[in-house]
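Chemist: Got a predicted structure plus its sequence, pasted below:
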Amino acid sequence: MKRLLCIATCLLLFASAVPALAGKREAWKFLEFDGQGHAEERELVLLLNLAQKWGLLEQADLDAPDRRPDVFIALEDMDGDGEPEIFAMFTGPFYCGTGGCPFQLLRRGPDGNWRIIWDHISGDPEGMAVGPLRNGLREVLFAGGGPHSGDDPSCPVWGYTGKRYDLISRMPHSRRPCREAVARHANGIGSLTPVTRP
């Protein structure tokens with residue numbers, strides 16, 4: 001009898017813990033880009049782009065002050081190893097267009113060398129947020145809504161497939177601005193609705 005009572009008590013304790021574990025989710029966090037600090041990372045980004053055959057920059061871009069891009073840096077641990085990866089946003093008349101400005105995500109490889117693992121165009125660095133891990137790297141959402149861009153009502157979320165970042169989901173279309181919806185999601189309200197992708 002004591003054995004049955006002990007088993008029943010353990011089952012009740014476990015059952016009450018399961019909903020709490022199931023309801024836990026990683027909060028979304030907006031990235032904070034800095035246009036003045038992170039000089040070492042900024043120089044690394046520029047040199048890495050120069051070294052790549054299809055890099056974003058050429059030496060002439062750095063030598064001519066009117067062509068040199070402004071590079072905004074955000075540091076964020078994207079894989080949970082305790083070491084930050086580098087987000088770099090390039091701005092300037094020669095780099096930005098109607099679709100936005102180029103940004104890159106850099107990650108240090110096992111050999112210790114930095115690599116650009118994602119090139120993309122984004123509307124505004126103030127509207128980028130990172131979320132839960134997917135296949136080893138955190139998801140990235142482009143919420144827009146910063147001072148230089150409009151709000152993207154579809155709230156596109158990009159996730160790592162194991163080889164590259166790809167569009168994985170969107171917030172439901174609504175009248176609520178995407179930035180507000182992300183903040184509400186981070187506080188446990190609302191959800192991200194997956195879209196079917198091949």
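Modeler: Thanks, I have it.
Chemist: for the protein, what spans make up the helices?
Modeler: 2-23, 39-51, 59-63, 178-186 (DSSP state H).
Chemist: Pull the number of nearby residues for the closest residue to V71 other than its chain neighbours.
Modeler: Counting by C-beta to C-beta, 6 or more residues apart in numbering, R42 is the residue found nearest to V71 once chain neighbours are left out, at 4.9 Å. Any C-beta I mention is one placed from the backbone N, CA and C, and that applies to glycine too. When neighbours are defined as other C-beta atoms under 10 Å, R42 has 19 of them.
Chemist: distance of L106 from F87?
Modeler: With distances taken as C-beta to C-beta, to the nearest Å, L106 is found 8 Å from F87.
Chemist: circling back: so who does the residue nearest to V71 touch?
Modeler: Going by C-beta atoms under 8 Å, 6 or more residues apart in numbering, R42 touches 71, 73, 88.
Chemist: Quick check: the second one touching A39?
Modeler: The one in question is I73. No - in this structure I73 lies outside contact range of A39 using C-beta atoms under 8 Å: 9.0 Å.
Chemist: More neighbours: which of these two?
Modeler: Taking other C-beta under 10 Å, I73 and A39 do not tie; I73 has more neighbours (24 against 9).
Chemist: quick one: pLDDT of the more buried one?
Modeler: pLDDT recorded at I73 is 95.
Chemist: Give the bridge partners for it, please.
Modeler: According to DSSP bridges, the partner residues bridging I73 are D34, A88.
Chemist: what's the answer for G100, then?
Modeler: Counting by DSSP bridges, G100 forms beta bridges with G97.
Chemist: shaky segments in this protein?
Modeler: 1-26, 53-56, 123-126, 144-154, 171-198 (pLDDT under 70).
Chemist: thought G92 was touching R68?
Modeler: Yes - the criterion here is C-beta under 8 Å, and G92 meets it with R68 at 7.4 Å.
Chemist: who's more crowded, L106 and F87?
Modeler: Set side by side, L106 and F87 show more neighbours around F87, with 26 against 18, by other C-beta under 10 Å.
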